[in-house]
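1. Sharing a model prediction with you, sequence too.
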Amino acid sequence: MSYNILIVDDSLPMRAVIKKVIKASGFDVGKFYEAENGKNALDVLNDEWVDLIISDYNMPVMNGLEMLESIKKNDMFNSIPVVMVTTEGSQQRIEEFFKSGAADYIKKPFTPEQIKTKLVMIMGETENDSEETEIDNSDDGLDF
Amino acid sequence: MIAKKQKLTTAMMDSISNVLETMFFLPMDFISPESITKLWHKSSSQIQTVKISFSGPFSGFLMLLIPVGLAENITADFMGLDQTEVTKDHVNGTTKEIANMILGNIFSKYDDQAVFNLEVPEIIPDAKNISPAPENENELVFCVDTLDDHLVIKMIIDS
């Protein structure tokens, strides 16, 4: 089964790198969607089918936590798992993510293996399924 | 104040090497700010400067100063692009991300129970007059030697 993933980050390079890392991890992706802040992400959700959201925390206009809270209040979207990506590792912030309904969080800097492990865990694939696909960095220019 | 500065120094050094090595795959060494000062002012390269303000148990800002050529190299490697494909937006995004990751990591290593609020990173137009050396006791400065060039990370504490 393939999954449509929405990547929310105000940094264009970071969105590109997250996409490449997910591709390199062998996770089965249908379509990638991108948004540069929480507000744009909500617009994407209104127009497209999304299975998983990976969102930065610190963004202008609407940050990741505000977006997460809006999603969880909306009956149409509140079952979509949201993974928060953050540089901030304070326990209080992480608790805020979970309290607001985040499925998990990823701390930057991250490795492709960490991303894959989280996605597999959240989307419910078995470890055996995921082990069939080795990390592939042949086509993306990344040194992972 | 001395204990806080020592703890911050350790957190900054750990974070800088963790981010540059793990996320950007950069071989790096710390060098003294004094040894870089002459090189810095002689360099013909434009300097890209990113600033992020923060508040919390104490407030201030972090600055990343990086020669544009080095920033372009790092951006190309990070995004898996040929250097000719790298745009100003790519460079701005990558350098903001470096500064953001370093600052976030510093605070989680400094005190993971404390909450610091980080503002959105901003690009400061060519700031070549900013000295890489510390200008007063409220500044912590680290100079990094990487890819035959140098970058500087400064934290200025207001209160």
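-> Perfect, I can see it now.
2. which regions of the chain sit below the pLDDT cut-off?
-> Let's take chain A. Regions of chain A meeting the criterion pLDDT under 70 cover residues A:125-144.
3. let's do chain B instead
-> Using pLDDT under 70, chain B drops low at B:1, B:37-44, B:126-129.
4. Residues of it that sit close to chain A?
-> Residues of chain B found near chain A, taking CB under 8 Å from any CB of the partner chain as the criterion, are B:18-19, B:22-23, B:25, B:75, B:77-81, B:89-90, B:93-94, B:96-97, B:100-101, B:103-105, B:107-109, B:111-116, B:118, B:120. Placement of C-beta: from N, CA and C, glycine included.
5. C-terminal to the longest helix anywhere in chain A, what's the next element?
-> Once chain A is assigned using DSSP state H, the helix that runs over the most residues is helix A:12-25. Elements were assigned by DSSP states H and E; along the chain past helix A:12-25, the next helix or strand is strand A:29-35.
6. and that following strand with helix A:12-25, angle?
-> Orientation of strand A:29-35 against helix A:12-25 (axes from the mean of the first three to the mean of the last three CA atoms, to 10 degrees) gives an angle of 170 degrees.
7. Show me where the chain has its strands.
-> Picked chain A for this. For chain A, the strands identified by DSSP state E occupy A:3-8, A:29-35, A:52-56, A:82-86, A:104-107, in order along the chain.
8. Let me rephrase: I mean chain B.
-> Using DSSP E, the strands of chain B run over residues B:29-31, B:47-55, B:60-67, B:117-118, B:122-124, B:139-146, B:149-157.
9. Mean neighbour count for those strands - can I get that in a markdown table?
-> Shown next, in a markdown table, are these (neighbours: other CB atoms under 10 Å in any protein chain shown):
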| stretch | mean neighbour count |
| --- | --- |
| strand B:29-31 | 12 |
| strand B:47-55 | 21 |
| strand B:60-67 | 22 |
| strand B:117-118 | 18 |
| strand B:122-124 | 15 |
| strand B:139-146 | 19 |
| strand B:149-157 | 22 |
